[in-house]
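**Q** Quick one, structure for this:
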Amino acid sequence: MSLEIEATDVIKVILQFCKENGLLESFNALQNECQVFLNTVDSIEGFVADINAGRWDVLLPQIAQLKLPRAKLENLYEQVVLEMVEHRELDTAKAMLRQTLVFQRIKADDSERYARLEQLCSRTYMDLRDLYGANSSKDKRRAALANSLSQEVVMVPPSRLMSIVGQAVKWQQSQGLLPPGTAYDLFRGTAASQRDEVETYPTQLAAKVTFGAKTHPEVAVFAPDGTMLVTGSTDGFIEVWDPVTGKLKKDLTYQAEELFMMHDEAVLALAFNKESSVLVSGSLDGKIKVWRISSGQCLRRFDHAHSQGVTCVALSRDGTQVLSGSYDGSICVHGLKSGKMLKEYRGHTSYVQDVCFSVDGSQVISCSSDATVRIWDAKTCEQLHGFRPPHSGVSSEKEDPGIHTIQLHPLHPEQIFVSNQSSTLFLMNLSGQVIKAVQSGKREGGDFRHMAVSPRGEWVYAVGEDNVLYCFNVATGKLEHIMQVHEKEVIGVAHHPHRNLVATYAQEGPLFLWKA
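**A** Numbers count the residues shown, from 1 in each chain. Next up is the predicted model:
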């Protein structure tokens, strides 16, 4: 059963927040624009007591923030003037009578009433019966006012906005959607992602993500804001996980209802836009889909993106174009608005394994099982340059091992990390010159299958066919740490964008999250 909340109640909660925090200009502007009025007091008993005691200096500032019926407001102001006359505060009474909007309206609409008050303010002597009437008194009039005005106000607990938000966050924690102690980014509606000041390699298991017996992830990526880990599996499911707990994110309504983003065949490629709001996926049947991550809605689909499986995808910086590579050897750019293929880059002689845009978007960079890295003019599709990493001669017996992963250096985008089917990782410039090479030293059975780079490029990680995670210090070129991460058939590795957290996944067993 859905719970309906009135829009006016939401506005009142915001008005209370403005009032309690002294944001009076915002308070008045919101009331005037929305014509929703708060009409709350801290205590109805205190409000009534102030009226009965005639504490007008306390009451009038409160009354100014309330929306009261005109007749009741006029009766209140009249009572204040009458009591001023009684106490011979005639100058103050005259000023209030002539300067306030309430009395200006009385003067325009009830001239006799206004004239009587003016006359009372001008008398040199005073009879209380002339002020309050023969059958009434000051106390009786105050009591009648208190009874009348108390019906127009309500008392609510203080700080309702913060209380409601706090309750919502506690509920999310109780449901396992937020781990205890997690800072919450209220504006974005996500847990604030922590940032590690010092980069270092992982040494211990943080969490694990489990899959069904007949499926496993073929790809895993962290969202750029660090709040999500997304996997694409052999059964076509795309699932969003909490990177801290390893649990399915149930704060995404569609996942809580067991409705998932899906392809008909295995998902091989995933990529986010820089805002972490849009996800692109590519599958074994050559299709590409674009998703809104918050709702699971498919925004665009390219059913004939490639003639064979889509191995890699990337989004342009402005989020309007999808770059993709495929087993068919081609690289394509697809327009999100048009839903059509805009450009095609051909030249690789084998599978395209990884693609990316240059930082300024003017170039496309790709790598392939044909052992080359190629750089293309993004507009003309012309190949500008191509190069091969040198053959290390340490691990693989193949003359030209295929390249499976490329990644621009996070701080030096004119440099690129290159990993091929050998036990050597390369840091190269875009002209193909080697800046640095790091090696595992393993001659057989340790060829790298995938690579990931730390957020500032201080560490580079590779998983080998021996199911070991190799951790290299980029500055020194040394292999600082190795760790057995899977039993068999490791597939890939991904690095969190802000933290010393690494995900590894394989054909069997869970996806593991490793922390420093």
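
**Q** On the three-state scheme, D42 is what?
**A** Here D42 is coil, with the state taken from DSSP: H, G, I helix; E, B strand; the rest coil.

**Q** List of residues touching stretch 429-442?
**A** By C-beta atoms under 8 Å, 6 or more residues apart in numbering, the list of residues contacting stretch 429-442 from outside reads 365, 373, 375, 385-390, 392, 394-395, 414-416, 423-428, 446, 448, 460, 462, 464, 466, 470, 472, 474, 477-479, 482. Any C-beta I mention is one placed from the backbone N, CA and C, and that applies to glycine too.

**Q** Flag every buried residue along it.
**A** Across stretch 429-442, burial judged by 16 or more other C-beta atoms under 10 Å covers L430, G432, K436, A437, V438, Q439, S440, K442.

**Q** Span of that stretch from start to end?
**A** This stretch, stretch 429-442, spans 26 Å end to end (C-alpha to C-alpha, to the nearest Å).

**Q** Can you give the distance of that stretch from its chain's centre?
**A** Here stretch 429-442 is found 37 Å from its chain centre; the criterion is C-alpha atoms, centre = their mean, to the nearest Å.

**Q** Out of the buried residues of stretch 429-442, which is nearest to F37?
**A** Using C-beta to C-beta, L430 is the member of the buried residues of stretch 429-442 that sits closest to F37, with 63.5 Å.

**Q** Tell me, please, the helix or strand in this structure that averages the lowest pLDDT.
**A** Between all helices and strands in the chain, the lowest mean by mean pLDDT, DSSP states H and E belongs to strand 190-191, at a mean of 60.

**Q** returning to what we had before: in PyMOL, how would I select just the buried ones from the contacts of stretch 429-442?
**A** The following PyMOL command selects only the buried members of the contacts of stretch 429-442, with burial defined by 16+ other C-beta under 10 Å:
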select buried, resi 365+373+375+386+387+389+392+394+395+415+416+423+424+425+426+427+428+446+448+460+462+464+466+470+472+474+479+482
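
**Q** which residues of this protein score low on pLDDT?
**A** Counting by pLDDT under 70, the low-confidence segments of the chain come to 1-2, 173-185, 187-194, 392-399.

**Q** now the helices for it?
**A** When assigned using DSSP state H, the helices of the chain occupy the ranges 7-20, 24-34, 44-53, 56-64, 70-86, 90-99, 101-109, 111-122, 128-132, 138-150, 160-174, 253-256.

**Q** can you put the ones you listed in a markdown table and add distance to E239 and mean neighbour count?
**A** A markdown table is the format used below for these (distance: least, C-beta to C-beta, whole Å; neighbours: other C-beta atoms under 10 Å):
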| stretch | distance to E239 | mean neighbour count |
| --- | --- | --- |
| helix 7-20 | 33 | 16 |
| helix 24-34 | 41 | 14 |
| helix 44-53 | 52 | 16 |
| helix 56-64 | 54 | 14 |
| helix 70-86 | 60 | 18 |
| helix 90-99 | 68 | 16 |
| helix 101-109 | 61 | 14 |
| helix 111-122 | 73 | 14 |
| helix 128-132 | 76 | 15 |
| helix 138-150 | 56 | 16 |
| helix 160-174 | 19 | 13 |
| helix 253-256 | 7 | 14 |
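
**Q** For those helices, please prepare JSON lines with the additional fields distance to S358.
**A** Putting the helices of the chain into JSON lines (distance: least, C-beta to C-beta, whole Å) gives the following:
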{"stretch": "helix 7-20", "distance to S358": "45"}
{"stretch": "helix 24-34", "distance to S358": "45"}
{"stretch": "helix 44-53", "distance to S358": "67"}
{"stretch": "helix 56-64", "distance to S358": "60"}
{"stretch": "helix 70-86", "distance to S358": "67"}
{"stretch": "helix 90-99", "distance to S358": "69"}
{"stretch": "helix 101-109", "distance to S358": "64"}
{"stretch": "helix 111-122", "distance to S358": "77"}
{"stretch": "helix 128-132", "distance to S358": "85"}
{"stretch": "helix 138-150", "distance to S358": "69"}
{"stretch": "helix 160-174", "distance to S358": "40"}
{"stretch": "helix 253-256", "distance to S358": "35"}
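
**Q** S277: which of the ones you listed is closest?
**A** Checking the helices of the chain against S277 by C-beta to C-beta gives helix 253-256 as the closest, at 14.9 Å.

**Q** what comes into contact with that closest one?
**A** E239, V240, L248, K249, K250, F260, M261, S295, G296.

**Q** and if you look at stretch 42-56?
**A** By C-beta under 8 Å, 6+ apart, the list of residues contacting stretch 42-56 from outside reads 41, 58-59, 62, 80, 83, 138-139, 142-143, 145-146, 149-150, 153-155, 158.

**Q** Let's see it as PDB, backbone CA atoms only.
**A** Listed in PDB are the C-alpha atoms of stretch 42-56, where the atom choice follows Å, rounded to 0.1, in the frame of the first residue of the first chain:
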ATOM      1  CA  ASP A  42       6.300  26.300  20.000                       C
ATOM      2  CA  SER A  43       3.600  25.800  22.600                       C
ATOM      3  CA  ILE A  44      -0.200  26.500  22.300                       C
ATOM      4  CA  GLU A  45      -0.400  26.800  26.100                       C
ATOM      5  CA  GLY A  46       2.300  29.400  26.100                       C
ATOM      6  CA  PHE A  47       0.700  31.200  23.100                       C
ATOM      7  CA  VAL A  48      -2.600  31.400  25.000                       C
ATOM      8  CA  ALA A  49      -0.900  32.500  28.200                       C
ATOM      9  CA  ASP A  50       0.900  35.300  26.400                       C
ATOM     10  CA  ILE A  51      -2.500  36.600  25.100                       C
ATOM     11  CA  ASN A  52      -4.200  36.400  28.500                       C
ATOM     12  CA  ALA A  53      -1.300  38.200  30.100                       C
ATOM     13  CA  GLY A  54      -1.100  40.900  27.300                       C
ATOM     14  CA  ARG A  55       2.500  40.200  26.400                       C
ATOM     15  CA  TRP A  56       2.100  41.900  23.100                       C
END
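
**Q** quick one on the thing from earlier: just to be sure, which of the buried residues of stretch 429-442 are found in strands?
**A** Counting by DSSP state E, the part of the buried residues of stretch 429-442 found in strands is K436, A437, V438, Q439.

**Q** Name the nearest of the contacts of helix 253-256 relative to S281.
**A** Within the contacts of helix 253-256, proximity to S281 (C-beta to C-beta) peaks at M261, which comes in at 7.1 Å.

**Q** okay, now the closest residue to D285 other than its chain neighbours: neighbour count?
**A** Take D285 and drop its neighbours on the chain: the residue closest to it by C-beta to C-beta, 6 or more residues apart in numbering is E265, 4.5 Å away. Using other C-beta atoms under 10 Å, the number of residues around E265 comes to 14.

**Q** dump the residue contacts of E265.
**A** Applying C-beta under 8 Å, 6+ apart, the residues near E265 are G236, S283, L284, D285.

**Q** that older thread, would you mind giving the ones in strands among the buried residues of stretch 429-442 as a markdown table with distance to R300 added?
**A** As requested, these are arranged in a markdown table below (distance: C-beta to C-beta, whole Å):
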| residue | distance to R300 |
| --- | --- |
| K436 | 40 |
| A437 | 41 |
| V438 | 40 |
| Q439 | 43 |
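
**Q** From those, pick the one nearest T210.
**A** Out of these, the member with the shortest distance to T210 (by C-beta to C-beta) is V438, at 32.7 Å.
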